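>>> let me see the structure of the following:
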Amino acid sequence: QVQLVESGGGLVQPGGSLRLSCAASGSIFSINAMGWYRQAPGKQRVLVASITRGGRINYVSSVKGRFTISRDNAKNTVWLQMNSLKLDGPAVYYCIAVVNWGRVDRPDYWGQGTQVTVSS
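Residues are numbered from 1 along each chain as shown. All right, here's what the predicted structure looks like:
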């Protein structure tokens with residue numbers, strides 16, 4: 001089992017920045033990819049960014065150039081630096097983990113989520 005704990009959400013104005021953190025514990029040796037999903041009220045969860053243990057990174061097109069995902073395998077932590085945030089209203093960001101040869105579009109583990117609200 002893997003436990004994921006997110007932090008760093010909050011209220012920010014359009015154009016501002018936030019940094020989300022996710023710490024993994026438990027069977028961390030099995031984790032390959034980690035990443036972040038975003039879910040706005042009434043909408044499906046969308047994969048925002050992912051990073052493999054080896055450092056391969058993918059972003060959804062809407063955040064390229066604004067968001068940066070990073071990871072420290074020794075600390076079992078992944079971060080999402082979000083810059084130039086847009087006026088999107090509230091959303092919950094979920095940290096995810098994929099074990100072994102799984103897929104980021106079918107995560108094995110989810111964090112509890114952290115709320116991010118971009119509002120003026």
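
>>> pull the lengthiest strand in the chain out as PDB, backbone CA atoms only.
Longest strand in the chain, counting residues (DSSP state E): strand 89-99. Below are the C-alpha coordinates for strand 89-99, written out as PDB (Å, rounded to 0.1, in the frame of the first residue of the first chain):
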ATOM      1  CA  GLY A  89     -12.500  29.100 -10.100                       C
ATOM      2  CA  PRO A  90     -12.200  26.300  -7.500                       C
ATOM      3  CA  ALA A  91     -10.600  22.900  -8.300                       C
ATOM      4  CA  VAL A  92      -9.200  20.000  -6.300                       C
ATOM      5  CA  TYR A  93      -5.800  18.700  -7.200                       C
ATOM      6  CA  TYR A  94      -5.100  15.100  -6.500                       C
ATOM      7  CA  CYS A  95      -1.700  13.500  -6.200                       C
ATOM      8  CA  ILE A  96      -1.400  10.100  -7.800                       C
ATOM      9  CA  ALA A  97       1.000   7.200  -7.900                       C
ATOM     10  CA  VAL A  98       1.400   4.400 -10.300                       C
ATOM     11  CA  VAL A  99       3.200   1.200  -9.300                       C
END
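
>>> quick one: the strands in this protein?
Using DSSP E, strands in the chain cover 2-7, 10-12, 18-26, 31-39, 46-51, 57-59, 67-72, 77-82, 89-99, 109-110, 114-118.

>>> which strands and helices sit next to the longest strand of the chain?
If contacts are counted by 3 or more C-beta pairs under 8 Å, 6 or more residues apart in numbering; DSSP states H and E, strand 89-99 sits against strand 2-7, strand 18-26, strand 31-39, strand 109-110, strand 114-118. Where you see a C-beta, it was placed from the backbone N, CA and C, and this is true even at glycine.

>>> report the buried residues of that strand.
91-99 (16 or more other C-beta atoms under 10 Å).
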